[in-house]
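Participant: requesting a structural model of the entry that follows:
(3 chains)
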Amino acid sequence: MTGKPYVREVPRFGWFFRQPRYMRYMAREVTCIFIGAYAVVLLVALKRLSEGRQAYEAFLQALTSPASVIFHLVVLAFALYHTTSWFNVTPKAMPIQAGEDFLPGWVIVGAHYAAWLLVSVALLVLAGAF
Amino acid sequence: MAKSNKPVIWGLFAAGGTVTAFVTPALVLLTLLPAAGVMPELLAYDNLRAFAGHWLGKAAVFAVIFLSLWHAAHRLRVTLHDFGVRADLLVAIVVYLAAAAGSLAAAYYLLRL
Amino acid sequence: MSQRQVELEVLRYNPETDAEPYFQRYVVECEVEWVVLDALNRIKETIDPTLSYRWSCHMAVCGSCGMMINGEPKLSCKSFLRDYQGVIRVEPLAHFPIQRDLVTVIDDFVTKLKRVKPYLIPKEEKSIAAGEYLQTPAELKKYKQYTLCINCMLCYAACPEYGLVPQFIGPAAISVAHRYNQDSRDGGREARQQEIATNEGVWECSFVGACSEVCPEHVDPAGALQQVKIKSTVDWYQEHLMPWRSK
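Facilitator: Numbering: from 1, shown residues only, chains lettered A, B, ... in the order given. Next up, the predicted model:
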């Protein structure tokens, strides 16, 4: 056999623009930037809390700024995309066999969403948001 | 071929992903409310200090921050690789060091409260 | 029987004469109920006998006719012309070197398949005289789904990590390892873990999930890989924290 097989190069940058499913994957992956950023905000809150009343209350004041509101809304959007994309794949990662058959995907996913609702409401109620 | 040690970091990533999936949206809402003119009781200085003063409160706060940081760090490492950044070892060191620093800082502040 | 004129844009490559692949257009009369494979066969029979491509069963069980159709990994025998408008672009399966025209070099896949020991390594040896290995329907269901793989390699074409990191063992190979690991008769899990619990094994996977989306047999390799990750993580902790525990 003469002649070499031809190797098609895969673009190192921007390969994910080629298909919508890759774009959805990257959107899911970049949620980590905002989860991480929010964790830093929580860390700053902790720092201010440990520095005393004045420092902490200045932090609370900063939370009401327009920049903070925009940041929170952006984080919320990405956090919700993380939550939904995470829950939706749980049946694949943890199939549960009951007897002979596996629990249908919607049962596992539904249970997650139900638990999420419970946890979120409980968290907000216990924190005295209402 | 040697078996990988990635499970350690992946375990943290998976645990962090699960915890953040459940609590982060509600937490974000909580810290967004002051801007809407609603001050959740827990966020008041005295209440939050009392919460973070209790060992259970410390554990909860640490768990959320710790797992969020390590989840974000590992996913960011993979994402940067997907974006074409090939210096994986360097990226790994930077992101995990950052997560470790954040975790230590959280522990430090919590122990002071 | 009604007919339809179909225009195909097919990637050609002759290793003996071409420096690079190029597209060639064909216009061919097709029956409306045909699949892309039928169109290719008509082209080969009546227009261009030099066009090379793999196919066999024409019913989506042999896994031979995988190719990129309008940029999507598909079995050409399962790609109905009625689902396509305009010019249909046909290319060899992505992420594999092109041997000739639509024929790819699949050696990498075959090597990886062999590495994961895709055969039963019995937990307990039994002579023929001792009879069959017994298995309940529930035990069968645990791995049945992963037996459906037809080795068509569409998942490798869809997986961006395989495209970027060619050492990645890949979805189908790890899924077939999982198929045997889940089989109650099998005792070879540890041997397979040596291959798939590695950095170029399951840990290269970032759960894009494209593999499961393109799989024509609904094997769900993405699911298999996540299950392998979870089991491997539990393994790691057991090995390092409780080394006295036997597997």
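Participant: any low-confidence regions in chain B?
Facilitator: Within chain B, the ranges that satisfy pLDDT under 70 run B:1.
Participant: how about the residues of it by chain C?
Facilitator: Residues of chain B lying near chain C by Cβ under 8 Å from any Cβ of the partner chain: B:1-8, B:10-11, B:14, B:78, B:81-82. For glycine as for every other residue, the C-beta is placed from the backbone atoms N, C-alpha and C.
Participant: tell me if the host helix or strand of residue B:59 is near chain A.
Facilitator: In this structure, residue B:59 sits in helix B:55-82 according to DSSP states H and E. Yes - using Cβ under 8 Å from any Cβ, helix B:55-82 reaches chain A at B:61, B:64-65, B:68-69, B:71-73, B:75-76, B:78-79, B:82.
Participant: that helix: which residues count as buried?
Facilitator: B:57-58, B:61-62, B:64-82 (16 or more other Cβ atoms under 10 Å in any protein chain shown).
Participant: one more: stretch A:87-103?
Facilitator: A:87, A:89, A:90, A:91, A:92, A:93, A:95, A:102.
Participant: start to end distance for that stretch?
Facilitator: From its first residue to its last, stretch A:87-103 covers 15 Å (Cα to Cα, to the nearest Å).
Participant: how close does the residue positioned nearest the centre of chain B sit to residue A:41?
Facilitator: Geometric centre of chain B, nearest residue: residue B:68, 2.4 Å, by Cα atoms, centre = their mean. Look at residue B:68 and residue A:41: by Cβ to Cβ, to the nearest Å, they are 10 Å apart.
Participant: with residue B:71 instead?
Facilitator: Taking Cβ to Cβ, one finds residue B:71 at 15 Å from residue A:41.
Participant: what's the answer for residue C:118, then?
Facilitator: Going from residue C:118 to residue A:41 by Cβ to Cβ gives 49 Å.
Participant: then residue C:97?
Facilitator: Between residue C:97 and residue A:41 the distance is 49 Å, computed by Cβ to Cβ.
Participant: looking at these two, which is more packed in?
Facilitator: residue A:41 (19 against 16; other Cβ atoms under 10 Å in any protein chain shown).
Participant: that one against residue B:31, yeah?
Facilitator: Yes - with contacts counted by Cβ atoms under 8 Å, residue A:41 reaches residue B:31, the gap being 7.2 Å.
Participant: tell me which element whichever residue of chain B sits closest to chain C falls in.
Facilitator: As assessed by Cβ to the nearest Cβ, chain C sits closest to residue B:7 within chain B, at 3.7 Å. Assigned by DSSP H and E, residue B:7 belongs to helix B:6-32.
Participant: elements contacting whichever helix or strand comes after that helix?
Facilitator: Going down the chain from helix B:6-32, the next helix or strand is helix B:45-53, by DSSP H and E. Other helices and strands packing on helix B:45-53, by 3 or more Cβ pairs under 8 Å, 6 or more residues apart in numbering or on different chains; DSSP states H and E, are helix A:20-51, helix A:53-62, helix B:55-82.
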